[in-house]
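Undergrad: heads up, no residue letters with this:
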């Protein structure tokens with residue numbers, strides 16, 4: 001591996017470049033998710049498909065997303081970020097563009113389900129891990145919070161652009177909207193390719209934010225984990241289960257809460273959608289703010305693993321509080337507004353926090369493939385299961401109240417599992433002492 005030695009000024013610039021590239025990746029990833037809810041109605045009406053047929057494309061996209069996430073982590077560890085973003089740019093642009101031309105359902109499942117699934121699967125692991133490779137310790141959560149703000153921004157900006165593109169005088173408005181989105185996604189991800197950087201070791205520097213080493217001590221060299229070794233430890237499974245149970249509750253809320261307000265509480269749909277949009281609006285600010293809070297906690301306790309664990313207890317606890325408020329939103333709409341603000345706080349803590357914990361436990365060298373497999377497990381189960389159970393409980397009971405209560409219970413289980421997160425790994429893997437130490441900070 002050739003090393004290009006960077007100056008301190010360049011290293012900081014490279015770090016910010018990585019964060020902005022991740023912001024673009026997250027913007028595009030959540031852009032696919034946010035715009036689907038707007039496009040599925042016009043698609044169904046124009047093509048004569050049922051909502052189930054249209055939604056099947058989204059479900060298939062999430063399956064392909066989960067599978068692709070594992071391979072994106074392997075590519076990231078071996079060849080760096082640029083090739084992953086490049087693949088995402090090609091498939092992301094094609095996903096929207098080719099879907100704009102479909103007439104058959106089978107073609108739609110391929111263009112939106114498979115192509116878009118490959119694109120989005122390349123984005124989550126790469127964005128989170130690339131930031132983690134550059135920022136650790138007392139800096140990671142702050143920088144990831146800035147990058148993750150691309151998600152709520154996509155929900156606001158791309159939703160507005162999509163609505164504006166659905167012209168009333170166009171007999172097939174969703175097709176033109178998808179062409180517009182294909183151009184935006186492609187350009188944004190090509191810019192991410194340009195901005196993306198390899199790991200800091202490739203430039204002769206260390207990651208930013210390392211915790212200080214005690215006097216007379218020596219920073220531990222990072223061990224290069226195999227997937228089998230990593231997944232033979234309780235730490236990764238504890239992180240997966242903590243994230244999985246939170247994700248079940250999260251996706252149940254994302255998919256059911258508007259229907260809960262409209263059907264159970266008889267709110268006008270526009271009112272319900274407007275209240276729900278608060279999550280995205282507040283998220284733009286809660287992402288970086290909660291990142292700063294998380295890093296301050298890490299600094300206060302002097303141990304990154306412990307600090308990330310504390311945040312992973314707090315995260316689902318906010319989910320519990322928000323669900324309780326939702327159950328009281330029938331008494332006053334103010335409870336629903338407060339619940340959405342709290343959900344924006346939850347969103348800012350858990351997804352990035354669990355990556356921070358995993359990176360603090362296993363290091364950065366092979367985090368891509370470790371977190372890629374973890375994402376495959378979590379995203380392959382959590383979103384589908386949470387959404388399905390929410391719908392099933394509504395069908396059985398005739399009310400969405402039990403769905404909200406199930407989400408509350410799922411967040412409670414996540415809290416218990418977060419308390420079970422270990423603060424270290426023992427015994428040390430064979431050969432760990434033989435690894436070469438990290439290069440010095442520029």
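TA: Thanks, I have it. In this text, all values refer to a predicted model and were calculated from it rather than measured experimentally. Residues are numbered from 1 along each chain as shown.
Undergrad: can you pull the buried residues of the longest helix along the chain?
TA: With secondary structure taken from DSSP state H, the chain has its longest helix at helix 8-47. Applying a neighbour-count criterion of 16 or more other C-beta atoms under 10 Å, one finds 11, 14-15, 17-40, 42-44, 47 buried in helix 8-47. Just so you know, the C-beta spots here come from the backbone N, C-alpha and C atoms, and that holds for glycine as well.
Undergrad: before we move on, what about stretch 269-280?
TA: In stretch 269-280, counting by 16+ other C-beta under 10 Å, buried: 272, 275, 276, 278, 279, 280.
Undergrad: cool, and stretch 404-423?
TA: Neighbour count says stretch 404-423 has 404, 406-408, 410-415, 417-418, 421 buried, by 16+ other C-beta under 10 Å.
Undergrad: try stretch 154-165
TA: For stretch 154-165, by 16+ other C-beta under 10 Å, it's 154, 155, 157, 158, 159, 161, 162, 165.
Undergrad: next: stretch 60-80.
TA: 60-77, 80.
Undergrad: so where does the nearest residue to residue 24 once chain neighbours are set aside fall, helix or strand?
TA: Computed as C-beta to C-beta, 6 or more residues apart in numbering, the closest residue to residue 24 that is not its neighbour in sequence is residue 192, at 4.2 Å. Secondary structure from DSSP states H and E places residue 192 in helix 173-195.
Undergrad: quick one: list the elements packing against that helix.
TA: helix 8-47, helix 82-99, helix 150-165 (3 or more C-beta pairs under 8 Å, 6 or more residues apart in numbering; DSSP states H and E).
Undergrad: as a markdown table, the ones you listed with distance to residue 342 and mean pLDDT would be great.
TA: Below are these laid out as a markdown table (distance: least, C-beta to C-beta, whole Å; pLDDT from 0 to 100):
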| stretch | distance to residue 342 | mean pLDDT |
| --- | --- | --- |
| helix 8-47 | 19 | 88 |
| helix 82-99 | 32 | 96 |
| helix 150-165 | 14 | 85 |
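Undergrad: export those as CSV, with columns for distance to residue 340.
TA: Listed next are those as CSV, based on distance: least, C-beta to C-beta, whole Å:
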stretch, distance to residue 340
helix 8-47, 15
helix 82-99, 28
helix 150-165, 12
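Undergrad: and residue 394, which of those is closest to it?
TA: Residue 394 lies closest to helix 8-47 among those, at 17.8 Å (C-beta to C-beta).
Undergrad: just checking, next helix/strand downstream of that closest one?
TA: Next in line after helix 8-47, if elements are assigned by DSSP H and E, sits helix 51-79.
Undergrad: tally of neighbours for the closest residue in space to residue 165 that isn't next to it in sequence?
TA: Leaving aside its chain neighbours, residue 165 sits nearest to residue 177 (3.8 Å; criterion: C-beta to C-beta, 6+ apart). By the measure other C-beta atoms under 10 Å, the count of residues near residue 177 is 25.
Undergrad: any idea how far residue 177 is from residue 279?
TA: 23 Å (C-beta to C-beta, to the nearest Å).
Undergrad: then residue 41?
TA: Distance, residue 41 to residue 279, using C-beta to C-beta: 21 Å.
Undergrad: isn't residue 102 up against residue 108?
TA: Yes: in this structure, residue 102 is within contact of residue 108 by C-beta atoms under 8 Å, at 4.6 Å.
Undergrad: and the furthest pair within the buried residues of stretch 154-165?
TA: 155 and 165 (16.1 Å).
Undergrad: for residue 148, give its distance to residue 251.
TA: Taking C-beta to C-beta as the criterion, residue 148 is separated from residue 251 by 17 Å.
Undergrad: more neighbours, those two?
TA: residue 148 (29 against 23).
Undergrad: thought the more buried one was touching residue 352?
TA: Yes: with contact defined as C-beta under 8 Å, residue 148 reaches residue 352; the gap is 5.7 Å.
Undergrad: overlap of the contact sets of the two?
TA: Common contacts of residue 148 and residue 352 (C-beta atoms under 8 Å, 6 or more residues apart in numbering): residue 291.
Undergrad: tell me, how many residues neighbour residue 104?
TA: 9.
Undergrad: what's the answer for residue 208, then?
TA: Count around residue 208 with other C-beta under 10 Å applied: 18.
Undergrad: can you name the residues bridging to it?
TA: residue 135 (DSSP bridges).
Undergrad: surely it and residue 131 touch.
TA: No: between residue 208 and residue 131 there is no contact under C-beta under 8 Å: 10.6 Å.
Undergrad: contact partners for residue 104?
TA: Listed by C-beta under 8 Å, 6+ apart, the contact set of residue 104 is empty.
Undergrad: could you measure from it over to residue 337?
TA: To residue 337, residue 104 is 43 Å away according to C-beta to C-beta.
Undergrad: before we move on, the earlier item: mind checking how far the residue nearest to residue 165 is from residue 331?
TA: 39 Å.
Undergrad: so which of the helices and strands packed on helix 173-195 comes closest to residue 400?
TA: helix 8-47 (17.1 Å).
Undergrad: and the spatially closest residue to residue 330 that is not a sequence neighbour, how many residues sit next to it?
TA: Spatial nearest neighbour of residue 330, excluding adjacent residues (C-beta to C-beta, 6+ apart): residue 265 at 5.1 Å. Using other C-beta under 10 Å, residue 265 is surrounded by 17 other residues.
Undergrad: before we move on, the earlier item: which of the buried residues of stretch 404-423 lies closest to residue 261?
TA: residue 404 (10.6 Å).
Undergrad: wait, the closest one touches residue 260, no?
TA: Yes: using C-beta under 8 Å, residue 404 is in contact with residue 260, at 6.3 Å.
Undergrad: which neighbours do the two share?
TA: Joint contacts of residue 404 and residue 260 (C-beta under 8 Å, 6+ apart) are residue 326.
Undergrad: kindly confirm my reading that residue 206 is in a strand.
TA: No: using DSSP: H, G, I helix; E, B strand; the rest coil, the assignment for residue 206 is coil, not a strand.
Undergrad: ok, it touching residue 200?
TA: Yes: contact criterion C-beta under 8 Å: residue 206 and residue 200 qualify, at 6.2 Å.
Undergrad: when those two are compared, which one has more neighbours?
TA: Using other C-beta under 10 Å as the criterion, residue 206 and residue 200 rank with residue 200 on top: 25 against 17.
Undergrad: name the nearest residue to the more buried one, sequence neighbours excluded.
TA: residue 207 (5.3 Å).
Undergrad: the one you found and residue 199: what is the separation?
TA: Residue 207 is 8 Å from residue 199, by C-beta to C-beta.
Undergrad: shared neighbours, those two?
TA: Shared contacts of residue 207 and residue 199, counting by C-beta under 8 Å, 6+ apart, come down to 133, 134, 364.
Undergrad: ok, now which ones touch the first one?
TA: Residues touching residue 133, when contacts are defined by C-beta under 8 Å, 6+ apart, comprise 18, 199, 200, 207, 364, 367.
Undergrad: thank you kindly, that will do.
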